[in-house]
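Enquirer: fold the stuff below for me.
(4 chains)
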Protein chains: 2
Amino acid sequence: MSSSTPHLHIADHDHAKCVAGALAAARDVCAQRGERFTELRGRVLELVWESHRPIGAYAILERLRADGRSAAPPTVYRALDFLMSVGLVHRIESLNAYIGCAHPGQRHASQFLICTDCGTAVELDDPAVAGALAQAAEKRGFKVEARVVELSGHCASCAQG
Amino acid sequence: MSSSTPHLHIADHDHAKCVAGALAAARDVCAQRGERFTELRGRVLELVWESHRPIGAYAILERLRADGRSAAPPTVYRALDFLMSVGLVHRIESLNAYIGCAHPGQRHASQFLICTDCGTAVELDDPAVAGALAQAAEKRGFKVEARVVELSGHCASCAQG
DNA sequence: TCACTTTCGATATATTATACCGCGCTCGCA
DNA sequence: TGCGAGCGCGGTATAATATATCGAAAGTGA
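Expert: Now for the predicted structure:
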């Protein structure tokens, strides 16, 4: 584990497989929806999946440039906007950062647990939370269109693992 | 109702009372905590309470300048940071904006219903939601330190009022 | 091949937020 | 009542994040 990933205890997992799976799922989703999964979009998705920590748009930009590619902010934001529009990437509002979607292709209302020690963000799809939110909104006649649910704190490993 | 507040159906309320109440509560909270409730902080809090719609830092800045006051971004951010630190103001992450706390002085885990039509944000303190979130986190050994729960959509009035 | 649409490069600029410095006021305390 | 320590704030500069716009290139479908 590199020093840049303290306590990344989503360890014990084959991350290459994560990335490959995400890319494969992306191809599927885009094919199904008749969207073009271009080389740039693929590369950006790959960078977003580089780790399980949300990554900023400008960090992605740096990496694209490191590839030798000419890139400017719009390059990144366009790709991210596309990836979010097809549900392959989520934006973490409290960090102004982006993370790969854990359940691409499926409709889901996700929640994030963000560890402020190791930086990892875990995506949940907890039905009890989703249900409680839906009820709270309905009780007030509110029609929900978008949800931002982000809990920050210490993951199990960092809290004392 | 001004054209700048379409469908503000938190109507039927004496907003001056809202503001006065918020300022009084602020004085109390600061007194209790031995914090200084300065004129600037009071004015910023008042501006945040100008409506029930989240307001951006730079909008606050403009209003301060309209007062004839000399002010720069740090002026506003310092005041907002203070007000948030004592729990008088919340930040709405999905809007990069700020709103007065509906339950100052009380510990609470709030959720926001943000209407994309009229711009109002209603603060809830729904125990079922709070409970579901606590459980979801605990189940995974996650120690929660901060919560961001923001639902966007259409309020009862705007959805069809 | 041609017309059409989408994607991308490129430049400029907008929006939101913070780092830093120094002064003066306030408050606690002798 | 004077003093020192800390806090609040004015002010400048700059960082970090995001968007508007335009034209060229590449893919798509007839």
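Enquirer: C-alpha from now on. contacts and neighbour counts both.
Expert: Noted.
Enquirer: can you map out the helices along chain A?
Expert: A:15-33, A:39-48, A:57-66, A:73-85, A:127-139, A:156-160 (DSSP state H).
Enquirer: adding distance to chain B as columns, could you present those in a markdown table?
Expert: What follows is these, written out as a markdown table (distance: least, Cα to the nearest Cα, whole Å):
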| stretch | distance to chain B |
| --- | --- |
| helix A:15-33 | 21 |
| helix A:39-48 | 20 |
| helix A:57-66 | 16 |
| helix A:73-85 | 15 |
| helix A:127-139 | 5 |
| helix A:156-160 | 5 |
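Enquirer: so which of those helices comes closest to DNA strand D?
Expert: helix A:73-85 (4.2 Å; Cα to the nearest atom of the strand).
Enquirer: that closest one and DNA strand D in contact?
Expert: Yes. With Cα under 7 Å from any atom of the strand as the criterion, DNA strand D is reached by helix A:73-85 at A:73, A:74, A:77.
Enquirer: want to try a markdown table for the helices of chain A, with mean neighbour count, distance to residue B:129 and mean pLDDT as columns?
Expert: Listed next are the helices of chain A as a markdown table, based on neighbours: other Cα atoms under 10 Å in any protein chain shown; distance: least, Cα to Cα, whole Å; pLDDT from 0 to 100:
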| stretch | mean neighbour count | distance to residue B:129 | mean pLDDT |
| --- | --- | --- | --- |
| helix A:15-33 | 15 | 31 | 96 |
| helix A:39-48 | 19 | 30 | 98 |
| helix A:57-66 | 17 | 31 | 98 |
| helix A:73-85 | 17 | 26 | 98 |
| helix A:127-139 | 18 | 5 | 98 |
| helix A:156-160 | 15 | 22 | 92 |
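Enquirer: tell me the pLDDT at the spatially most central residue of chain A?
Expert: Geometric centre of chain A, nearest residue: residue A:99, 2.1 Å, by Cα atoms, centre = their mean. Looking at residue A:99, its pLDDT stands at 98.
Enquirer: how close does it sit to DNA strand D?
Expert: From residue A:99 across to DNA strand D, the span is 12 Å (Cα to the nearest atom of the strand, to the nearest Å).
Enquirer: which residues does that residue bridge with?
Expert: Judged by DSSP bridges, the bridge partners of residue A:99 are residue A:90.
Enquirer: within range of DNA strand C, give me the residues from chain A.
Expert: Checking chain A against DNA strand C by Cα under 7 Å from any atom of the strand, the hits are A:35-36, A:38-41, A:69-75, A:78-79.
Enquirer: same thing but 6 Å
Expert: Neighbours of DNA strand C within chain A, by Cα under 6 Å from any atom of the strand: A:35-36, A:38-41, A:70-75, A:79.
Enquirer: make CSV out of the residues you listed and add distance to residue A:160.
Expert: Below are those laid out as CSV (distance: Cα to Cα, whole Å):
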residue, distance to residue A:160
A:35, 44
A:36, 44
A:38, 42
A:39, 41
A:40, 40
A:41, 38
A:70, 43
A:71, 41
A:72, 41
A:73, 39
A:74, 41
A:75, 40
A:79, 38
